[in-house]
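Novice: Quick one: sequence and predicted model below, then my questions.
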Amino acid sequence: MRVGIGYDVHPLARGRRLVLGGIEIPFDKGLDGHSDADVLVHAIIDALLGAAGLGDIGTHFPSSEPKYKDISSVTLLRQVGSLLQTHGWQVSNIDATIVAEQPRLSPFIPQMRQRISETLEISPGRIGVKSTTSKGLGFVGKGEGIAAHAVALVEKLWQE
């Protein structure tokens, strides 16, 4: 078994959709980035890739590639799930935290867990998603962006 850690942050901007955990959240701002800028899924991707020793999100999905412009991060997560399987890894569990002052995210967490579980084809019970604030401190506290942290545990099913 191996553990990976992921972190991502994106600035909030007007005129963008707010997508977290593959779910569109009603809000007057969205996250700015090359893809849909889903910080939760990006952190999970980095945690999974790190645990499996397969690099990071930028290695597999560089922002310099036009084909990733505005792509759904859930699509990228699905590709990472397939890559893990190809290399003999199975996701044991994921635990993640979204850090945002607004909007209130707790009503959307069950949907996020469901979307992530469907994408990775694992039980929602193996996925933890939480949200918190930074109590007004830093760029997140000032409402300038949203961050996410993730930890993933993967298990080797067979040797390459």
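Specialist: In hand now; what should we look at?

Novice: Contacts only, for residue 76.
Specialist: Taking C-beta atoms under 8 Å, 6 or more residues apart in numbering, we find residue 76 in contact with 35, 41, 45, 57, 60-61, 68. No exception for glycine: its C-beta is placed from N, CA and C like everyone else's.

Novice: Return a selection command, for use in ChimeraX, containing the buried ones of those.
Specialist: In ChimeraX syntax, the buried subset of these is picked out as below (16 or more other C-beta atoms under 10 Å):
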select :35,41,45,57,61,68
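
Novice: Just put the contacts of residue 76 in JSON lines and tack on pLDDT, secondary structure and distance to residue 14.
Specialist: Shown next, in JSON lines, are these (pLDDT from 0 to 100; DSSP: H, G, I helix; E, B strand; the rest coil; distance: C-beta to C-beta, whole Å):
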{"residue": "35", "pLDDT": "92", "secondary structure": "coil", "distance to residue 14": "18"}
{"residue": "41", "pLDDT": "98", "secondary structure": "helix", "distance to residue 14": "22"}
{"residue": "45", "pLDDT": "98", "secondary structure": "helix", "distance to residue 14": "26"}
{"residue": "57", "pLDDT": "95", "secondary structure": "helix", "distance to residue 14": "25"}
{"residue": "60", "pLDDT": "95", "secondary structure": "helix", "distance to residue 14": "30"}
{"residue": "61", "pLDDT": "95", "secondary structure": "coil", "distance to residue 14": "25"}
{"residue": "68", "pLDDT": "91", "secondary structure": "helix", "distance to residue 14": "23"}
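
Novice: Count the residues that sit near residue 102.
Specialist: By the criterion of other C-beta atoms under 10 Å, residue 102 has 13 neighbours.

Novice: Name the helix or strand for it, please.
Specialist: When secondary structure is defined by DSSP states H and E, residue 102 falls outside every helix and strand.
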